[in-house]
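J.: I would like to see how this sequence folds:
(chains A, B and C)
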Amino acid sequence: MPFTPPSVDDVLAGLADRFGTLDTSVYRGQTRVVVPADMSFDALAWLKERGFDLLVDVTCVDYLEYPDAKHRYGLVYLLASTATNQRLTVRVFVDDPDPAVKSAVPLWAGANWLEREVWDLFGIRFTGHPDLRRLVMPEEFTAHPLRKDYPLQGRGERHNFPVITRDHS
Amino acid sequence: MSIATANLDTTGPEAGARSEDYLWTLNFGPQHPATHTTLRLVLKLDGERVVDAMPEMGYLHSGFEKIGEHLTFNQYVTVTDRMNYISPMANNVAWHHAVETLLGIELTPRCTYIRTIIAELARISDHLLSNGAVGLDTGAFTFFLYGFYQREVIYDIFETLCGARFTNSYTRVGGVSQDFTPLVIEKIRAFIRTFPKTLDDMERLLTRNRIFVDRTKGVGLLTKEEAINASASGPVARASGVTRDLRKDEPYLAYADLDFQVCCASAGDCYARYLVRMQEMRESLKLVAQALENLPAGDVNVSIDQRVARPTKQQVYSSIEGTISHFELSMANRGFEVPHEESYAAIEAPNGELGFYIVGDGSENAYRARCRPPSVLHFALFPQLIRGHTLSDVVAVLGSLNIIAAELDR
Amino acid sequence: MAMMPSGSGGRIELPENVVVSRLDALANWCRKNSLWPMPFATACCGIELMATGASKHDLARFGAEVFRFSPRQCDLMIVAGRVVMKMLPVLQRIWQQMHEPKWCISMGACASTGGVFDTYAVVQGIDRFIPVDMYVPGCPPRPEQLIQAIIDLQDKIQREGTITGREFDTAGRQLRKRALVELAGPATIDASRNPVLQRELAAAAEAITSRS
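T.: Predicted coordinates for the structure are as follows:
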């Protein structure tokens, strides 16, 4: 008997059975599901077992200035299945003062640097991450530049270097 | 990988402190010719063997995603040029593919074919450089020069097409900046005619070259499971046996109409990645030839009622709709309507899955423009690929991963 | 003519194949035709830098093709691409590792001014933090533009170079600039290609030096 993969709707129904009613929506053929922050790891693990074996991306959106936003940060996990090519977007909302979720590194090795980048640019802590350091900004940098309250031109960090003239060199 | 476990397990109980004493640390980069760009590796060496590597990035982080929140959808295309700068056209296509997904714009058939052609030409020029760099680093300088000469031919096509040889900024929301002219088509035809011969020459130079094969075969092994687990994509994943190619799996643009094959290998080493790229160039050339012969006639931009693409001068001066549309698009805060929604769309860029996650907030700028860069995930793989190999293999592995710093750091 | 031998009536008999020149000019001639570039290629401009050295444009025609990746062997740094906060200390370190006499070409808009990247991470022009001799406009510049910049730099080395590197003496440069302002007034005159003005400027600078 040929194997018929479960449709995204079936998977979502299963997810709702397991984790309670979840907010799902579809836009331009992309299915999104919102998962509470404390269940995010379990939900991702459950989805990985159900065929969503490829973590495409982990990113974050700061909804500080977004009209009618209820939460400050929205984490986005883009999942895909290498067997059926279905895609699913998992969103997790976290808030100040200590935005944190459980790290997905035990599930996917690829999450390692993606989560470090989110930590670097948004300051969201991933508990249980093996190596949560800054990824792209210098270690001594203090701000999280992709937050909406950080200005585009920065706060003068880029001018803060010694000047070398012909006399010094 | 078997070499690594043989005698280099410094953490095991029998290794003790003595072998640890002999390890030395080598800083590699961020300004080193073989990194080609700006990335840094801290290597732990036992003699010439690499015991561990600590990659570091961020030496070219310029805040691309933050700029994306301050530029309009059409302006930001100039910044995407500078993202993966060895194939800027593919980035242009990826960005506007994502924007059009968010806005729900259906392109004209001619535009999809034109974008397919330029994306495939970009793939060829990318692979010429990345394979050329592998050759350069393993000592085959001639191979690199052959590749670069053909890149100049592609540059010339792009320059004829849009006036810029390198940072093209060619696409626009709902279309492209210039239509194909007969001269462009003629130049692409000439390229299709002459390129296979160069490709044959290049293959004869390197594919069975003993030195090159010895230096790349069995180096930097990546299994299929590891590739999926680490979210690898593009030629790196396909050389490990992952058959994922968005051009086939989620056909966008004109790929559904065209006949081509997904190039895969199962070995997963540097040599396999080289072969996959070589083969992909042939497939891309096939795609360019098919798309060019079947290029549909008609308008290249979407119609002016949709109010996204700028009308032509003829339309502005001869029709009221054209004038209104031009006015609306030129005035501040009168641009096209953007939904309060978010969406992700990706294309199969030369380097892997290049996607943008865009959040719209009703204004002409994206509220958030996240780029999903293939290079980051590939660079994160580096320590596990190099462990147990020698120092001279570092450049072969780096070259075969084709890490582009501007895309890596953004 | 300082070493004029006595009794020759002011004339020196030169054997064949001997050319008389100033030592400065000779040193400049050697230096300008054997520039060894250090490609500090960070971004897109680096690819055009590679194109400049590769088959079609062939930088070797102008005697500057010996790209060396060790700063200690180079005398021309080509900064190609944007320099960001994390990279600037590296750039300064490499600049200091290069031997005198050394020159710097800032290639492209990003290296010269920050270009389109007016963001928190990008240094707004490397000339804020290291000395720069030539700026090449363009984003990225075409290979021809880079070649022109190298030719111009060779020109500059030939014109104002000295064997002891006095032209890098920043205090003297400042004086000459001040003399230019005093002499030329508010109108801008291109003194660099005017030999008469150059001589007058040098004399004026001399006068200011002796005064102070």
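J.: Closest approach to chain B from chain A, which residue is it?
T.: As assessed by C-beta to the nearest C-beta, chain B sits closest to A:Gly110 within chain A, at 3.2 Å. Any C-beta I mention is one placed from the backbone N, CA and C, and that applies to glycine too.
J.: ok, now which ones touch that residue?
T.: Each residue near A:Gly110 by C-beta atoms under 8 Å, 6 or more residues apart in numbering or on different chains is listed here: A:Leu55, B:Asn229, B:Ala230, B:Ser231, B:Ala232, B:Leu377, B:Ala380.
J.: How much space separates it from B:Leu206?
T.: Relative to B:Leu206, A:Gly110 is positioned 31 Å away (C-beta to C-beta, to the nearest Å).
J.: Same question for A:Val118.
T.: Taking C-beta to C-beta, one finds A:Val118 at 40 Å from B:Leu206.
J.: Next to chain B, which bits of chain A? Give me the list.
T.: Listed as neighbours of chain B in chain A under the rule C-beta under 8 Å from any C-beta of the partner chain: A:27-28, A:30, A:53-57, A:59, A:61-62, A:65-67, A:76, A:78, A:82, A:85, A:87, A:89, A:108-114, A:117, A:121, A:134-138, A:145-146, A:152.
J.: Buried among those residues? Make that a PyMOL selection.
T.: Per 16 or more other C-beta atoms under 10 Å in any protein chain shown, the buried members of the residues of chain A next to chain B correspond to this PyMOL selection:
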select buried, chain A and resi 30+53+54+55+56+57+59+61+62+66+76+78+82+87+89+108+109+110+111+112+113+114+117+121+134+135+136+137+138+145+146
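J.: any idea which helix or strand carries the residue of chain B at minimum distance from chain A?
T.: Taking C-beta to the nearest C-beta, chain A has its nearest neighbour within chain B at B:Ser231, 3.2 Å off. In this assignment (DSSP states H and E), B:Ser231 forms part of neither any helix nor any strand.
J.: what's it sitting at in phi/psi?
T.: phi 60, psi 30 (degrees, to the nearest 10).
J.: Neighbours of it, how many?
T.: 30 (other C-beta atoms under 10 Å in any protein chain shown).
J.: Tell me the confidence at the closest residue to it other than its chain neighbours?
T.: The shortest distance from B:Ser231 to any non-neighbouring residue, by C-beta to C-beta, 6 or more residues apart in numbering or on different chains, is to A:Gly110 (3.2 Å). If you check A:Gly110, the pLDDT there is 88.
J.: same deal with A:Ser103?
T.: With respect to pLDDT, A:Ser103 scores 91.
J.: Run a quick check on it versus A:Ile124, I expect a contact.
T.: No. Using C-beta atoms under 8 Å, A:Ser103 is not in contact with A:Ile124, being 10.6 Å away.
J.: Correct me if wrong: A:Lys70 contacts A:Val34.
T.: No. Counting by C-beta under 8 Å, A:Lys70 stays clear of A:Val34, with 10.7 Å between them.
J.: okay, and the common contacts of these two?
T.: Common neighbours of A:Lys70 and A:Val34, using C-beta under 8 Å, 6+ apart, are A:Phe93.
J.: And the two? Which one has more around it.
T.: Neighbours were counted for A:Lys70 and for A:Val34 using other C-beta under 10 Å; A:Val34 has more, 15 against 9.
J.: and A:Met39, how many neighbours does it have?
T.: 17.
J.: Just the pLDDT for it.
T.: A:Met39 is given a pLDDT of 86.
J.: Helix or strand with the lowest mean pLDDT in chain A?
T.: In chain A, no helix or strand scores lower on mean pLDDT, DSSP states H and E than helix A:8-19, which sits at a mean of 81.
J.: Residues in contact with the very next helix or strand once past that one: which ones?
T.: The element immediately downstream of helix A:8-19 (helix or strand, assigned by DSSP H and E) is strand A:23-27. Applying C-beta under 8 Å, 6+ apart, the external contacts of strand A:23-27 come out as A:Leu12, A:Thr31, A:Arg32, A:Val33, A:Val34, B:Glu341, B:Glu342, B:Ser343.
J.: rerun that using 10 Å as the cut-off
T.: Strand A:23-27 is contacted by residues A:8-9, A:12-13, A:15-16, A:31-36, A:88-89, A:91, B:101-102, B:104, B:339, B:341-343 when judged by C-beta atoms under 10 Å, 6 or more residues apart in numbering or on different chains.
J.: Take the residues you listed and keep only those in helices.
T.: A:Val8, A:Asp9, A:Leu12, A:Ala13, A:Leu15, A:Ala16, B:Thr101, B:Leu102 (DSSP state H).
J.: so how far is stretch A:10-17 from its chain's centroid?
T.: Taking C-alpha atoms, centre = their mean, to the nearest Å, one finds the center of stretch A:10-17 at 22 Å from the center of the full chain.
J.: and the angle for the least confident helix or strand of chain A with strand A:23-27?
T.: If you take axes from the mean of the first three to the mean of the last three C-alpha atoms, to 10 degrees, helix A:8-19 sits at 160 degrees to strand A:23-27.
J.: In the stretch 301-410 of chain B, what residue comes closest to chain C?
T.: For the stretch 301-410 of chain B, C-beta to the nearest C-beta, closest residue to chain C: B:Ala406, 5.1 Å.
J.: Now do B:Trp24 against B:Leu391, distance only.
T.: For B:Trp24, the distance to B:Leu391 - C-beta to C-beta - is 11 Å.
J.: Equivalent analysis for C:Arg142, please.
T.: C:Arg142 sits 37 Å away from B:Leu391, taking C-beta to C-beta as the criterion.
J.: related to what we said a few turns ago, which one of B:Trp24 and B:Leu391 is surrounded by more residues?
T.: Per other C-beta under 10 Å, whichever of B:Trp24 and B:Leu391 has more neighbours is B:Leu391, with 15 against 11.
J.: For residue 68, grab the count of nearby residues.
T.: Going with chain A. There are 6 residues near A:Asp68, going by other C-beta under 10 Å.
J.: Correction: the question concerned chain C.
T.: C:Arg68: 15 surrounding residues under other C-beta under 10 Å.
J.: before we move on, what about B:Ile86?
T.: Using other C-beta under 10 Å: B:Ile86 sits among 27 other residues.
J.: how far away is it from B:Arg273?
T.: For B:Ile86, the distance to B:Arg273 - C-beta to C-beta - is 16 Å.
J.: what do you get for A:Phe93?
T.: A:Phe93 is 39 Å from B:Arg273, by C-beta to C-beta.
J.: quick one, which of the two is more surrounded?
T.: Taking neighbours as other C-beta under 10 Å, A:Phe93 and B:Arg273 compare with B:Arg273 leading, 31 against 20.
J.: Per-residue pLDDT of that one, please?
T.: The model's pLDDT for B:Arg273 equals 91.
J.: B:Ile67 touches C:Asp118, doesn't it?
T.: Yes. Counting by C-beta atoms under 10 Å, C:Asp118 is a contact partner of B:Ile67 at 8.2 Å.
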